[in-house]
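Enquirer: with the input below, show me the fold.
(chains A, B, C and D)
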Number of protein chains: 2
Amino acid sequence: MPKRADLSATYCPVGRSAELLGDRAVLLIVRDLFFGNRRFEFIAANTGLGPQLVSARLKLLESEGVVERRPYQERPVRYEYWLTDKGKDLFDVLYAMRGWAERWAYRDGETGGGPAMRYIHRACGTDVGTAVVCPGCGASLGYGDLKGEASPALKAEQVRRDRLQSPSRG
Amino acid sequence: MPKRADLSATYCPVGRSAELLGDRAVLLIVRDLFFGNRRFEFIAANTGLGPQLVSARLKLLESEGVVERRPYQERPVRYEYWLTDKGKDLFDVLYAMRGWAERWAYRDGETGGGPAMRYIHRACGTDVGTAVVCPGCGASLGYGDLKGEASPALKAEQVRRDRLQSPSRG
DNA sequence: CTTGTCACTATGATTATCATAGTTACTATC
DNA sequence: GATAGTAACTATGATAATCATAGTGACAAG
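Expert: Numbering: from 1, shown residues only, chains lettered A, B, ... in the order given. Here you go, the predicted structure:
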């Protein structure tokens, strides 16, 4: 395709977000980073995206200040990708996307009765469903307030990263 | 590019949403529909997208049950596009995107001091800023609870649809 | 000195997107 | 009644993004 039109030259805030977030690869990578999946190879494996796409998008996200590259070892130098504050602030967007999908994107019983991903309010232990305000205690819910638990179906499909993320538990 | 990988075959709710929402054109079109911009030509003009893209995406959105096509006149038959309940439920996602952009995507003073788009809680009149819970009365905020007001900068750039949307006020 | 790990880059085929122009089905004006 | 709108699209060709697959560089371990 010809160079895609630059839509960031708008005053509309949705338009500005869309320039970055209107991209499957970006969304999936950011999702994985929220899940604690920080290594290049695992991001590529878990998202199903090719390495060039992952590489290109991580560079884009870094240049946008959403992601930060940090070496986690020398000899050989290897990098991990971490969300910055600007990146962590995308939680609301992904959480809203998740809520919409839970309500509309599954056939009945597809996930075995419950949601594909359950969220528990850490402070009071309530299962929040797809709410943005805790139905138990009324607190508003942001990044860090929630503990996610994937359903068995979702867990089964996620790339196992036990080996690398917890090398001592082998 | 080769046929893009189908990522909807996942149990991850963000992945399922991303299949539809990870697309600039989809986001911009849905935004315009929320703004009440329901005609093909105006959507194309206001989003800056070409007619083939708008056509293709509207068909996709219709097949996904997000958008509904309704004739607004016979002779010749002309259609408008309306959000279904499933489509209206995307409000939270776009509102979260807007909030993120307001906080991160503008240089200081770019919009003349305030946000690019101001939202007022209809029930109590409070300017909600980028909150998901009204800072005035504590109610949670969804589609219909808010009244949006574009900043002068944003207004100036939007396609004027006064003529067609209110034909009587000429 | 061969194998393995991890973070990438290179290549070629395929397809989505863009800009521009054209089509269809009418109404309104000259 | 021929021409000029209007609105919702479709057709065409150029270009660039994406995919699958393979390869590279830097090092560690056996």
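Enquirer: how does chain A divide up, domain by domain?
Expert: For chain A, the structural domains run A:13-88, A:91-157, going by automatic domain parsing.
Enquirer: out of these, flag the one nearest residue B:86.
Expert: domain A:91-157 (5.2 Å; CB to CB). Glycine gets a C-beta too; all of them are placed from N, C-alpha and C.
Enquirer: do that closest one and chain B meet?
Expert: Yes: counting by CB under 8 Å from any CB of the partner chain, chain B has neighbours in domain A:91-157: A:92-106, A:110-111, A:115-117, A:131-133, A:138, A:140, A:150-151, A:153-154, A:157.
Enquirer: what stretches of chain A score poorly on pLDDT?
Expert: Across chain A, residues meeting the criterion (pLDDT under 70) sit at A:1-4, A:7-8, A:159-170.
Enquirer: all helices of it, in order?
Expert: Here chain A has its helices, by DSSP state H, at A:13-21, A:24-34, A:40-47, A:51-63, A:85-88, A:91-104, A:152-157, A:162-165.
Enquirer: among the ones you listed, which comes closest to residue B:72?
Expert: Nearest to residue B:72, of those and by CB to CB, is helix A:13-21 at 25.0 Å.
Enquirer: what's the angle from the closest one to helix A:24-34?
Expert: Per axes from the mean of the first three to the mean of the last three CA atoms, to 10 degrees, the angle that helix A:13-21 makes with helix A:24-34 is 80 degrees.
Enquirer: hang on, the earlier thing: reformat the domains of chain A as CSV; add mean neighbour count.
Expert: Below are the domains of chain A laid out as CSV (neighbours: other CB atoms under 10 Å in any protein chain shown):
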stretch, mean neighbour count
domain A:13-88, 18
domain A:91-157, 17
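Enquirer: which one of these lies closest to DNA strand D?
Expert: For those, the distance to DNA strand D is smallest for domain A:13-88, at 3.8 Å, taking CB to the nearest atom of the strand.
Enquirer: start to end distance for that closest one?
Expert: Distance between the boundary residues of domain A:13-88 (CA to CA, to the nearest Å) amounts to 18 Å.
Enquirer: which residues touch stretch A:78-85?
Expert: With contact meaning CB atoms under 8 Å, 6 or more residues apart in numbering or on different chains, stretch A:78-85 is reached by A:30, A:33-34, A:38-40, A:43, A:58, A:61-62, A:65-72, A:90.
Enquirer: of these, which are in range of DNA strand C?
Expert: Counting by CB under 7 Å from any atom of the strand, A:39-40, A:58, A:69 from the contacts of stretch A:78-85 sit close to DNA strand C.
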